[in-house]
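>>> Sequence plus the predicted model coming up.
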Amino acid sequence: MAARLHSFADAEALARNLATDIAKQLSDAISARGSASMAVSGGSTPKRLFEDLSAHDLDWSLVTITLVDERFVPADNPRSNHLLVATHLLKNRAAAANFQPLYQDVASALQAAAIATEKTADIGNPFDVVILGMGADGHTASFFPGGNHLARAIDADAPRGVMTMEAEGAGEERLTFTFPSLADARFLVLHIEGDAKKQVLEKAEAGTDVFEMPIRAMLNRAPSTVEIYWAP
Ligand SMILES: O=C1O[C@H](COP(=O)(O)O)[C@@H](O)[C@H](O)[C@H]1O
């Protein structure tokens, strides 16, 4: 329904502040409900954030972490978001967190999506924290412009869970949570860095065509406020 911009002097300050804000959300969730859930993005942007967050002092054994989206590749593939999270987040104090991957060792992405949907059904109704990224093409999660299942994935009436996505700009076939699974998070963050991404954001905010820039679905019709964390 709304978006709010939080600007920081540099990527270090952004990571430090966002990690503190996320840790507080997770701690509050544990105090209120006994456990916490978080879905995080991959890509190049979140590494520093993950490192900072992993050192925060909270009861990580009560936190379940999953991915907003994933490539249909095993966890030892350098392009795997699971590998990124294992390397930069599931360490230090956060090594005690529970991790639920989206990739499954099965024959097709379609089968993997069905299994991941089942395995994540008990977490994230809604998620306590969702951290989205955004590509230069205006994709978020694996909601890619031209994606074969884009219309279904960003439909406000789509079921909660994981579905597959193929798109020219996506490389490997993808697994992605649907829009309704992510958009009602208690703390819904869009984490972007650099002037180029700021320009992409401004272009997205200036238009309405969600198929041209799927991030617009989040910015314009997520039930939760999109908290945009940006640094040059
Ligand atoms: O493909 C992906 O890219 C986006 C953005 O990545 P970045 O490298 O520009 O930070 C990411 O949000 C998404 O999870 C990932 O699968």
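Looks like it came in fine.

>>> For the rest of this, base every contact and every neighbour count on C-alpha atoms.
Will do.

>>> Pull the contacting residues for the residue lying closest to Phe177 once chain neighbours are set aside.
Among residues not flanking Phe177 along the chain, Val162 sits closest, at 4.3 Å (Cα to Cα, 6 or more residues apart in numbering). Residues in contact with Val162 (Cα atoms under 8 Å, 6 or more residues apart in numbering) are Ala113, Ala114, Ala116, Thr117, Leu175, Thr176, Phe177, Thr178.

>>> Reformat the residues you listed into TSV and put pLDDT, neighbour count and distance to the ligand next to each item.
Formatted as TSV, the contacts of Val162 follow (pLDDT from 0 to 100; neighbours: other Cα atoms under 10 Å; distance: Cα to the nearest ligand atom, whole Å):
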residue	pLDDT	neighbour count	distance to the ligand
Ala113	98	23	15
Ala114	98	16	19
Ala116	98	22	16
Thr117	98	19	17
Leu175	98	28	9
Thr176	98	25	9
Phe177	98	28	11
Thr178	98	27	13
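
>>> Helices - which of the residues you listed land there?
Among these, the ones falling in helices (DSSP state H) are Ala113, Ala114, Ala116, Thr117.

>>> Torsion angles phi and psi at the spatially closest residue to the third one that is not a sequence neighbour?
Read it as Ala116. Leaving aside its sequence neighbours, Ala116 sits nearest to Leu102 (Cα to Cα, 6+ apart; 5.2 Å). Reported as degrees, to the nearest 10, the phi and psi values for Leu102 are phi -90, psi -40.

>>> So Leu102 sits against Ala112, correct?
Yes: if you go by Cα atoms under 8 Å, Leu102 and Ala112 touch, sitting 7.3 Å apart.
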